[in-house]
Structure formats: C-alpha cells, structure tokens
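*Asks:* just the structure for this:
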Amino acid sequence: MNTSKSERTLSPEDALELDTFIDHLWLEDGLSKNTLESYRLDLTSFALWLSQQNKQLLTVDQADIQQYLAVKFPQSKPRSIGRLIASLRRFYRYCLRDNKIGLDPTIQIQSPKLPRSLPKSLNEDEVVSLLNAPNLNESAGLRDRAMLELLYACGLRVSELVSVKVTEVSVNDGVVRITGKGSKTRLVPMGEEAVDWISRYLSEARPAILQKRLCDALFVTNRGGAMTRQAFWYLIKRYALLAGITKHMSPHGLRHAFATHLLNHGADLRVVQMLLGHSDISTTQIYTHVARERLKQLHSMHHPRG
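*Replies:* Numbering: from 1, shown residues only. Modelled structure (predicted):
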C-alpha cells in the first residue's frame, strides 16, 4: 500500500505499524479503498498528535487516548468521533492479538450514542436485476445465481452463506440449516425458486467446478475449496455494476432487502426475527422503520392529500 503524504512526518516505526495494519485489513477483510483510507487518516492524525507528545502508537495508555478525544471532540461530529474510536479500537485489538502491546488502551473507551441509521435496502426491481446478472452459460455463473437466490430467499449473512455445507441443504424438504452468530443453528425455508436454482447448481455446475475433487462446502470455487466471504463480496459488487445498480451496496444488501420486502408484504415481525437469526427483536425492529419510510413515500406520491 502507498504511504500517504502526511505520513512522511511520522516516525519510521509508526509509519511501518500503520502500513502493516492497513495491509492486514485489506488482505483479511477485503475492505474498500475508501474504508481503508478512513482508517489511515484517523490513525495518522492520532500518530501525528502523539509525536507532539513525544509518544508513539505502541507506547500509549488510556489517558493519552482520552486526552486526544478531548481535543477532537469540540471540533468533530459525534459520528466522526464514533468512527475515530472504532479505528483506534480496531488498531489496538490487532496490536494486542499480534503481541505488539500487553494491554489494549481502548478497552474502557466508550463510543458516543448515535441514532440507529436505517439499513440501505434494494427495491424489488433492483433485486431482480441483481439476480439476473450472472452468466448462466458458465458453471461459475450458475453457482453465483444459486448463491444470490439463496442469500435473498433466506436473508442470510454472507458469512453464513459461504459456511453452508452440502449436508445442511435438503432440496426435498426445501430447508437449509444455518449456523449463525454464537454457533446457534436455525432451519430456514428456501422457497421454490431458490430450491430450483440450488438443485440445478448441484446437478450441473458444482460437479463441473470441482472436477471430481472432494469438498464438503456447498458453494465451491475452481480451486476446489469453499467460496470465501471476501471473494463473494467482490462478486456481489461486480454483479451490482452489471445490473446498473448505482446505490451503495453492502454485504448485507440482500439480507436487508429480504427483511424489508417480507415486512412490506405483511410478514409478522417475530417470524422475520426468527428467519434472520436475531436474538433480540429490537434488532429486527429497525426494518419496520425501513418499511414505514417506504409506505410514507408511496403515500406522498399517490395520495391526493399526500
């Protein structure tokens, strides 16, 4: 990764630590260029401030971070402070995990309370365009279509989707066993459309991709192993471009669409909670706000007194 201009005034040790951390985020988490740049800017500003205190990134304590936040707080919005704290927290957790420090200086730092932002969701036409984007003349395209269909039909997290094993799918019963957060399992109905695409993928594309190699993962790559979260996220972004979707896409885009569309069509909130694998219904309730916002828009567009 290139070192930005402002980092040239950093100590060589801090510049190296930042580069190593940013490379780690890029390689391990597949974060976007903009997100990586945000981490870099936040941490560079902190390191430059530390240098004025004759300190370095790996020699700070909690008091240093609190002092820095006290300097930044009056001139920053709560959301910016929240992002800064998240950047610092992630950096020092990484350093602790790599045994570069003995204690995480951010462990007692509290993030400012922010109003919950509504998740970005695709409308139903956009979902159809995204599902139709893969090239079905290729085995990989058929696999990707099956993955997108299952993701949308079941409202899965991407991490859950790529972890599904062949033995956890029952095409006959139309259900898939999902292992979610906290290793909790749930049975989720797939719906006829997803079942058809999964059946076609299993009979046509998966054997062609594996070429007689063995793998217990449902969704496999040409290397003979399981599809990774990062690789599939890259595919989603590529298909969104092909589908002409210009709004920002997150890895949870189809999960958000699944929940919002169910509620728009009258599904019960408790059912949606169970399908999504939320332990707390308050997490699910954010989607009722999305559905409500959509209803308000429709009302203002079509009602004579809107």
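*Asks:* C-alpha from now on. contacts and neighbour counts both.
*Replies:* Noted.
*Asks:* can you pull out the strands in the stretch 51-200 of the chain?
*Replies:* In the stretch 51-200 of the chain, the strands defined using DSSP state E, counting those that start in this stretch lie at 169-170, 175-179, 185-189.
*Asks:* most tightly packed of the ones you listed?
*Replies:* With neighbours defined as mean count of other C-alpha atoms under 10 Å, the strands of the stretch 51-200 of the chain peak in mean count at strand 175-179, which reaches a mean of 20.
*Asks:* pairing partners for that one, with directions?
*Replies:* If you go by DSSP bridges, strand 175-179 pairs up with strand 169-170 (antiparallel), strand 185-189 (antiparallel).
*Asks:* which residues of the stretch 151-300 of the chain score low on pLDDT?
*Replies:* The stretch 151-300 of the chain contains residues with pLDDT under 70 at 250-251, 258, 261-300.
*Asks:* ok, 80 please
*Replies:* Filtered on pLDDT under 80, the stretch 151-300 of the chain yields the residue ranges 155, 180-184, 248-300.
*Asks:* next one: the stretch 1-150 of the chain
*Replies:* For the stretch 1-150 of the chain (pLDDT under 80), the answer is 1-9, 28-32, 73-80, 109-124.
*Asks:* dump the strands of the stretch 51-200 of the chain into a markdown table; add distance to I101 as well.
*Replies:* A markdown table is the format used below for those (distance: least, C-alpha to C-alpha, whole Å):
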| stretch | distance to I101 |
| --- | --- |
| strand 169-170 | 44 |
| strand 175-179 | 34 |
| strand 185-189 | 36 |
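*Asks:* of the ones you listed, which is nearest L156?
*Replies:* Nearest to L156, of all those, is strand 175-179, at 8.4 Å by C-alpha to C-alpha.
*Asks:* the residue nearest to S32 when sequence neighbours are not counted: how many residues sit nearby?
*Replies:* Distance criterion C-alpha to C-alpha, 6 or more residues apart in numbering; nearest residue to S32, sequence neighbours excluded, is W26 at 7.7 Å. The number of residues packed near W26 is 16, by other C-alpha atoms under 10 Å.
*Asks:* next one: K247
*Replies:* Close neighbours of K247, defined as other C-alpha under 10 Å, add up to 11.
*Asks:* which element is it on?
*Replies:* Here K247 is covered by no helix or strand, with elements defined by DSSP states H and E.
*Asks:* from the chain's centroid, how far away is stretch 49-69?
*Replies:* Put simply, stretch 49-69 sits 31 Å off its chain's centre (C-alpha atoms, centre = their mean, to the nearest Å).
*Asks:* what does the domain assignment say about the protein?
*Replies:* 5-97, 124-302 (automatic domain parsing).
*Asks:* need the winner for burial among those.
*Replies:* domain 124-302 (a mean of 17).
*Asks:* coming back round to it: closest one to Q56 among the strands paired with strand 175-179?
*Replies:* strand 185-189 (44.5 Å).
*Asks:* outside of the closest one, which residues touch it?
*Replies:* Applying C-alpha atoms under 8 Å, 6 or more residues apart in numbering, the contact partners of strand 185-189 are C154, G174, V175, V176, R177, I178, T179, G180, L275, G277.
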